[in-house]
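In: got a predicted model here, sequence first, then my questions.
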Amino acid sequence: MRGGKDRIENAAVHPAAFFVGVRRPTIFAFQTSSNPATSNLRGGAWGNAAMASLWLGLVRLLAGFRRGLRDPEFRAILFLLAIAMTGGAVFFHAVEGWPWIDAAYFSAMALTTVGDATLSPTTAIAKIFTMLFSICGIGLMLAFLSRLSTFREHEEGRE
């Protein structure tokens, strides 16, 4: 059996051995060394493939968005979504007294159903507004994403 120092070095090289010889207690010890050169998270083929896939997806999404801007229905939904985001930000800034960035952030979180536990309305009127804002805004967001996906599918169908 190898000594402690050898096990730490092997753990940094072999991904299956990262549980052996971890210096500090962690739940997931993906990086067993403070030196990035000996870490098992160097990217490699999997990291490059993931980044290429991400970039390709973003390029296709932006191409679909550009194509969607030519469609009047897409522009109308985008306009209504921008009005909803702006209206929500103005409301939360005025009623809750949040800074503009927090008000816009909360509006985006409410419309995308992501949510955020650090910001929440405190007044009764703001809670009622948030419920109505979310119900109407989520529908707008779904219409926008649905329409965007049709333009993205048209892009993929042309290839």
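Out: The structure has been received and is ready for your questions.

In: return the set of buried residues in the longest helix seen in the chain.
Out: If you go by DSSP state H, the chain has its longest helix at helix 124-158. Buried residues in helix 124-158, counted by 16 or more other Cβ atoms under 10 Å: 126, 129-130, 133-134, 137, 140-141, 143-144, 147-148, 151-152, 155. In this view, the C-beta of every residue, glycine as well, is placed from N, C-alpha and C.

In: any idea which of those residues the model trusts least?
Out: The lowest pLDDT within the buried residues of helix 124-158 belongs to Glu155, which sits at 53.

In: isn't Ala126 right up against Glu96?
Out: Yes: under the criterion of Cβ atoms under 8 Å, Ala126 makes contact with Glu96 at 5.5 Å.

In: please name the nearest non-neighbouring residue to Leu80.
Out: Leu140 (5.6 Å; Cβ to Cβ, 6 or more residues apart in numbering).

In: so who does the one you found touch?
Out: Residues near Leu140 by Cβ atoms under 8 Å, 6 or more residues apart in numbering: 77, 80-81, 84, 111.

In: and the furthest pair within those residues?
Out: Ile77 and Leu111 (12.5 Å; Cβ to Cβ).
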